[in-house]
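Trainee: What shape does this take:
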Amino acid sequence: MGTEVNGEFIPTSAEHYEITPDQATMASAGETRGLEPDEAALLHRLLDTISVYCAQSVVWWEQGQGTRVMDEENTGLEKPAGEPDGNKSARMLPRGVAEVVAHPIPRP
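Mentor: Just a heads-up that it's a prediction; the model follows:
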């Protein structure tokens, strides 16, 4: 529960929910409920995809890829020497995203 203030969500209570895809459960307030096995598998694949994307994003960043975004105060600065050209370092989506789309979980 909560409200939106100036485009930001402000919670009115603090409740804790936990989803455990490996056990296909969701828990809150001392109660645990089971998820459908195919739903838990789909959630697990989604979380795996996000993990792969995050790891690949760190590598992408550390390799200096992408075009530096300048804030209004720095718009007059030139690109530092050796900074990759944003047009030549287009970012590829991680393999995990394509795998999830290419291999959907069959529904009965």
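Trainee: Strands of the chain, start to end?
Mentor: Assigned by DSSP state E, the strands in the chain fall at 2-5, 8-11, 17-20, 25-28, 31-34.
Trainee: Quick one: closest of those strands to residue 52.
Mentor: strand 17-20 (19.1 Å; CB to CB). All C-beta atoms are positioned from the backbone trio N, CA, C, and that covers glycine.
Trainee: still on that earlier bit, and the strands of the chain, which is most packed in?
Mentor: Greatest average neighbour count among the strands of the chain goes to strand 25-28 (a mean of 14), per mean count of other CB atoms under 10 Å.
Trainee: Note down every partner strand of that one and its orientation.
Mentor: In the sheet, strand 25-28 lines up against strand 17-20 (antiparallel), strand 31-34 (antiparallel) (DSSP bridges).
Trainee: Which residues outside that strand are in contact with it?
Mentor: 15, 16, 17, 18, 19, 20, 32, 33, 34, 35 (CB atoms under 8 Å, 6 or more residues apart in numbering).
Trainee: Same check on stretch 15-22?
Mentor: Against stretch 15-22 from outside (CB under 8 Å, 6+ apart): 25, 26, 27, 28, 29, 35, 40, 41, 43, 44, 47.
Trainee: if we can go back for a sec, relative to residue 56, which of the strands of the chain is closest?
Mentor: Nearest of the strands of the chain (CB to CB): strand 17-20, 23.9 Å.
Trainee: what pLDDT, on average, does that closest one get?
Mentor: Average pLDDT, strand 17-20: 94.
Trainee: if we compare the strands of the chain, which one ends up closest to residue 70?
Mentor: Comparing the strands of the chain under CB to CB, the one sitting nearest is strand 8-11, at 25.9 Å.
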